[in-house]
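# the following block contains a protein sequence and its predicted model.
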Amino acid sequence: MPADVTRGVGHNVVLKAREDLFVQTNDKLICDDGKELSGIQLFCENEVTSIPDNMGCCEVVSVGALVTNVKPGEVYFIDFSDVAQGFQLANKDHYVAPDHVFRCRFHPETGTAEPLAGYVLTKRAPERMQIALFGTDRVDVLPSWLTEGIPSGWDSDGDVLTRTIYEEVVAVGPAEVENAARTMHKTERALLAAVTLEFAGRSSATGKLFEAEELDVMHMPLCQAINAYLRWRRAPRDTGLKPGDLVPFITTLATKFRVRGQFLSLVPMQDLGCVIDDRAILDDAIRAGRAGKLVLAHGATV
């Protein structure tokens, strides 16, 4: 079928499912170069539903004129609850989704996942989580705590509402920046810049924040919003996160899937608040005689 029989409009992207990538974990994918890769296994079916966290793997067929963050031929994980419309084309299912819902790219040739701007990819780290929780590797922990998270929020009846898990960072996507790929349209950005210029009397990117005595009661909400916007524009985009970091987060804030037999989580960068040095925790426990032996760089133990 010709590639140009359909095209997205505006900020929309046309997709087709890649069922060929959905094989059993113990099966193999044969790449064009003959290399064998394990298949992908997701928690949910690769079909469109209104249920959140129903991750699927789709190939971009075409993009609208305003789309800049994805390209035809690329493969992405997408939450099918974000799909705007489904339709048949040449007897095959196709979908339409807005460009801002894309979170993670998949590279079939290498079998690796790549988080997009504003997202962090993590993997399970049960041994590290155990040490971070209890300060030692000698405490027996419920296996479900290390894979599903520890209870961290309850309702009035005592039922668990939220769980927190500690996982290891695999990859960090680029920091989000203001550009045409974001959900805010260019006309909205132009309007915001104009309003900022009108009230601040200076560039929105480098303008001085309003002083408290300058805030007029009638314009206070708008001035506060402009101040928040100015802070956001000037804030550093490098979060300092790097692969290997151990990070805690609420499980419901992440999208879970499985690639090549490995359980992964895709977490919004804004929902990661700290990094835990579990190595330092373990070293302290070892020296206090509450954990296993510490192997030094030259091979000696303490």
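Thanks, I have the structure now.

# which stretches of the stretch 151-300 of the chain aren't confidently modelled?
Under the criterion pLDDT under 70, the flagged ranges of the stretch 151-300 of the chain are 177-191, 193-194, 196-237, 260-261, 293-300.

# where exactly do the strands run in it?
Counting by DSSP state E, counting those that start in this stretch, the stretch 151-300 of the chain forms strands over residues 160-172, 246-250, 255-259, 262-268, given from the N-terminal end onward.

# and residue 284, which of those strands is closest to it?
With C-beta to C-beta as the measure, strand 246-250 is the member of the strands of the stretch 151-300 of the chain nearest residue 284 (15.5 Å). No exception for glycine: its C-beta is placed from N, CA and C like everyone else's.

# could you list the domains of the chain?
For the chain, whose domains are defined here by automatic domain parsing, the residue ranges read 12-116, 121-173+240-287, 186-234.

# apart from its neighbours in sequence, what residue is nearest residue 272?
residue 247 (5.0 Å; C-beta to C-beta, 6 or more residues apart in numbering).

# hmm, residue 120 and the one you found touching each other?
Yes. A contact is recorded between residue 247 and residue 120 when judged using C-beta atoms under 8 Å, the distance being 7.5 Å.

# who's more crowded, the two?
Between residue 247 and residue 120, counting by other C-beta atoms under 10 Å, residue 120 is the more crowded of the two (26 against 21).

# next up, the contacts around the more buried one.
If a contact means C-beta atoms under 8 Å, 6 or more residues apart in numbering, then residue 120 has 169, 171-173, 241, 247, 266-269, 272 as its contacts.

# again, but for residue 150
133, 163-165.

# for residue 106, give me its contacts.
Taking C-beta under 8 Å, 6+ apart as the contact definition, residue 106 lies against 21, 40, 57, 75-77, 112-114, 259.

# got the residues you listed as TSV, with distance to residue 289 and neighbour count columns?
Formatted as TSV, the entries for those read as follows, by distance: C-beta to C-beta, whole Å; neighbours: other C-beta atoms under 10 Å:
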residue	distance to residue 289	neighbour count
21	49	21
40	45	26
57	49	24
75	51	19
76	50	24
77	45	24
112	41	15
113	41	24
114	43	16
259	40	25
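
# out of those residues, list just those in strands.
Secondary structure defined by DSSP state E assigns 57, 75-77, 112-114, 259 of the contacts of residue 106 to strands.

# quick check, nearest of the residues you listed to residue 88?
Compare each of the ones in strands among the contacts of residue 106 with residue 88 using C-beta to C-beta and the shortest gap goes to residue 57, at 19.3 Å.

# before we move on, back to that, can I get the strands of the stretch 151-300 of the chain in TSV including distance to residue 195?
Listed next are the strands of the stretch 151-300 of the chain as TSV, based on distance: least, C-beta to C-beta, whole Å:
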stretch	distance to residue 195
strand 160-172	33
strand 246-250	35
strand 255-259	35
strand 262-268	27
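
# of all those, which one is nearest residue 100?
Relative to residue 100, the nearest member of these by C-beta to C-beta is strand 262-268, separated by 12.5 Å.

# just the CA coordinates for the closest one, please, in PDB.
Taking only C-alpha atoms (Å, rounded to 0.1, in the frame of the first residue of the first chain), the coordinates of strand 262-268 have been written out as PDB:
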ATOM      1  CA  GLN A 262      12.400  -6.800  31.500                       C
ATOM      2  CA  PHE A 263       9.800  -5.000  33.400                       C
ATOM      3  CA  LEU A 264      10.000  -1.200  32.800                       C
ATOM      4  CA  SER A 265       8.300   1.900  34.000                       C
ATOM      5  CA  LEU A 266       7.900   5.100  32.100                       C
ATOM      6  CA  VAL A 267       7.700   8.000  34.600                       C
ATOM      7  CA  PRO A 268       7.100  11.700  34.000                       C
END
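
# what's that strand packed up against?
Using 3 or more C-beta pairs under 8 Å, 6 or more residues apart in numbering; DSSP states H and E, the elements in contact with strand 262-268 are strand 119-124, strand 160-172, strand 246-250, strand 255-259.

# where does the stretch 1-150 of the chain have low pLDDT?
Per-residue confidence for the stretch 1-150 of the chain (pLDDT under 70) gives these ranges: 1-4, 22-54.

# distance-wise, check residue 286 relative to residue 138.
Summarising the geometry, the distance separating residue 286 from residue 138, computed by C-beta to C-beta, to the nearest Å, is 11 Å.
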